[in-house]
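> any chance you can model this:
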Amino acid sequence: MKPEISIIVPIYKVEMYLRKCVDSILAQTFRDFELILVNDGSPDNCGEICEHYKELDPRVKVIHKQNGGLSDARNYGIDIAAGKYIGFVDSDDWIKPDMFEALHGLITAHNADIAVCGHVEVEDGVYVDKEFSHEVRVYNNEEAFKKLLEDTEIKNLAWDKLYKAELFAKVRYPVGRYFEDMFATYKLFMQAEKVVSLDSPKYLYLRRGDSITGKMNNRKYYDRICAWRELYEDIKHKNYPEAIEKSLARNVTEGIELCNLQMIAGENSANKEFIAELGSFFSKHLKEVLRNKSISKQMKIATLLILTSSNTYRVLYQSKLRVKGSNLT
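Just a heads-up that it's a prediction; the model follows:
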């Protein structure tokens, strides 16, 4: 018989964390699942650890593949998943024993397409303080999409959710991109007629400085902007007026942040292709930017300066940095 849930774990260079992750999944109070461990060409002992668990528990399936990155590993798992529902756990994280029982109970009780739970961040063995209401909230499509854009109660993450497997029929994670969750999660939410949220911490996220998104750089900022841009282009023709406004505002703030980083980097280090793409987006949507109530006057002025006089913007921004630096000293 097919399992009710497929739990997918992408694995690469995490041998010191992997056992804790897998043990927490196999200890779930909800038992009807398959665990798909995707060894993404890990050069350490992760492959052997995976095989050990395969021998230990018949619910464990193991895929060994050449390294292709986190998205590619998740996609391999999705391709072979047999469950009615799909969930993800990152291989350096762990989950509470009742996480999938709670999510499955909610998604079935409310006939929802996606169930979401809260998570706690852990750094150096210390749990980062966060308050939870432990409330259950049910959202329709537009309400859930708005919550996703707010990125507070419901975040653009793959791993704190349980999804109907059918949502992935035409959705995969983009290979070679940072912030891959953002490119895929909104597409899943666009299909979801109903989303149920449990504001209770069931997922434990390990904050690591050496993780994929641990240290930001221009490429990561650029990929994040691309995700927001793709989201905006996909929804701007839908009847989501508030979501459209918020997503355009996020494009502007993220774009200006990247532009500021380029200013700090200097003329020789700046990526002119990034700036050209940013300018093209601002120019194409300038009227919408100026009418947008979610974009501050300061950001609108910055957008106009970047388009009409980037040198003036550079001088003003660098002057602002010097003043800020002198105040600190």
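> for the one helix or strand residue 261 maps to, name the packing helices and strands.
Assigned by DSSP states H and E, residue 261 belongs to helix 241-265. Contacts defined by 3 or more Cβ pairs under 8 Å, 6 or more residues apart in numbering; DSSP states H and E place helix 241-265 against helix 141-150, helix 218-235, helix 272-284, helix 286-291, helix 297-308, helix 310-328. Just so you know, the C-beta spots here come from the backbone N, C-alpha and C atoms, and that holds for glycine as well.
> adding distance to residue 49 and mean neighbour count, write those helices out as TSV.
Output for the helices and strands packed on helix 241-265, formatted as TSV (distance: least, Cβ to Cβ, whole Å; neighbours: other Cβ atoms under 10 Å):
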stretch	distance to residue 49	mean neighbour count
helix 141-150	34	19
helix 218-235	29	19
helix 272-284	40	15
helix 286-291	50	13
helix 297-308	48	15
helix 310-328	47	12
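> relative to residue 122, which of those is closest?
helix 218-235 (22.2 Å; Cβ to Cβ).
> contacts for that closest one next, please.
145, 177-179, 182-183, 186-187, 190, 213, 243-244, 247-248, 250-251, 254-255, 257-258, 261-262, 265, 271, 274, 278, 281 (Cβ atoms under 8 Å, 6 or more residues apart in numbering).
> likewise stretch 246-257?
Residues outside stretch 246-257 that contact it (Cβ under 8 Å, 6+ apart): 146, 149-150, 221, 224-225, 228-229, 231-232, 235-236, 278, 281-282, 285, 288-289, 292, 294-295, 299, 302-303, 306.
> and if you look at stretch 176-183?
With Cβ under 8 Å, 6+ apart, stretch 176-183 has contacts from 69-71, 74, 156-158, 173-174, 212-213, 219-220, 223-224, 226-228, 230-231.
> quick one: buried residues of that stretch?
By neighbour count on 16 or more other Cβ atoms under 10 Å, the buried set for stretch 176-183 is 177, 178, 179, 180, 181, 182, 183.
> quick one: secondary structure of the second one?
Looking back up the chat, that one is residue 178. With DSSP: H, G, I helix; E, B strand; the rest coil as the basis, residue 178 sits in coil.
> how near is it to residue 218?
From residue 178 across to residue 218, the span is 11 Å (Cβ to Cβ, to the nearest Å).
> can you point me to the longest strand in the protein?
If you go by DSSP state E, the chain has its longest strand at strand 194-206.
> remind me what that strand packs against, helices and strands.
strand 94-95, helix 99-109, strand 114-123, strand 136-140, helix 141-150.
> can you add distance to residue 6 and give the ones you listed back as a markdown table?
Converted to a markdown table, those look like this (distance: least, Cβ to Cβ, whole Å):
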| stretch | distance to residue 6 |
| --- | --- |
| strand 94-95 | 15 |
| helix 99-109 | 11 |
| strand 114-123 | 15 |
| strand 136-140 | 24 |
| helix 141-150 | 22 |
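> now the longest strand of the chain: average pLDDT?
Strand 194-206 carries an average pLDDT of 97.
> buried residues, it. List them.
Buried residues in strand 194-206, defined by neighbour count with 16+ other Cβ under 10 Å: 194-206.
> just stretch 90-102 next, same as before
For stretch 90-102, a neighbour-count test (16+ other Cβ under 10 Å) marks 90, 91, 92, 93, 94, 95, 96, 98, 99, 100, 102 as buried.
> residues contacting the first one?
I take that to be residue 90. Residues in contact with residue 90 (Cβ under 8 Å, 6+ apart) are 9, 10, 21, 159, 205.
> pLDDT below threshold where in the stretch 151-300 of the chain?
Scanning the stretch 151-300 of the chain for pLDDT under 70 picks out 209-216, 265-271.
> swap the cut-off to 50 and go again
The model of the stretch 151-300 of the chain has no residue with pLDDT under 50.
> please parse the protein into its domains.
For the chain, the structural domains run 5-206, 218-328, going by automatic domain parsing.
> the longest one: how far from the chain's middle?
Chain-centre distance of domain 5-206: 11 Å, with Cα atoms, centre = their mean, to the nearest Å.
> quote the end-to-end distance of that domain.
Taking Cα to Cα, to the nearest Å, domain 5-206 runs 24 Å from one end to the other.
> if you skip the residues just before and after it, what's nearest to residue 162?
Spatial nearest neighbour of residue 162, chain neighbours left out: residue 103 (3.9 Å); criterion: Cβ to Cβ, 6 or more residues apart in numbering.
> all set, thanks.
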